[in-house]
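*Asks:* coordinates only, sequence not included:
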């Protein structure tokens, strides 16, 4: 694998291994778990990692969700390749 996983990338894969979720939910979950004390988590850095993991086919877009008048949110899930990368 050419892409070197960062600690934030590993955190995203671990979250998605538990269940599919959208980016903002990932951010909230990491903050609620106080992972932001260990891994630098900012919205921009999180979405950059999500884009990179998608490009590397370690995660994929599973669905799009919309609640009320809020913007659409893309829900991501881990791929088999992502699960292998996480286990390594």
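*Replies:* It's in. Keep in mind that this is a model prediction, so the values were computed, not measured.
*Asks:* Who are the contact partners of the residue positioned nearest the centre of the chain?
*Replies:* In the chain, the centroid-proximal residue (CA atoms, centre = their mean) is residue 12; its distance is 3.6 Å. Applying CB atoms under 8 Å, 6 or more residues apart in numbering to residue 12 gives the contacts 26, 46, 49, 50, 53, 59. The C-beta positions use only the backbone N, C-alpha and C, and glycine is treated the same way.
*Asks:* Secondary structure element for it, which one?
*Replies:* Assigned by DSSP states H and E, residue 12 belongs to helix 7-18.
*Asks:* and after that helix, which helix or strand comes next?
*Replies:* Next along the chain after helix 7-18, taking DSSP H and E as the criterion, comes strand 21-22.
*Asks:* what helices or strands is that next one leaning on?
*Replies:* strand 73-78 (3 or more CB pairs under 8 Å, 6 or more residues apart in numbering; DSSP states H and E).
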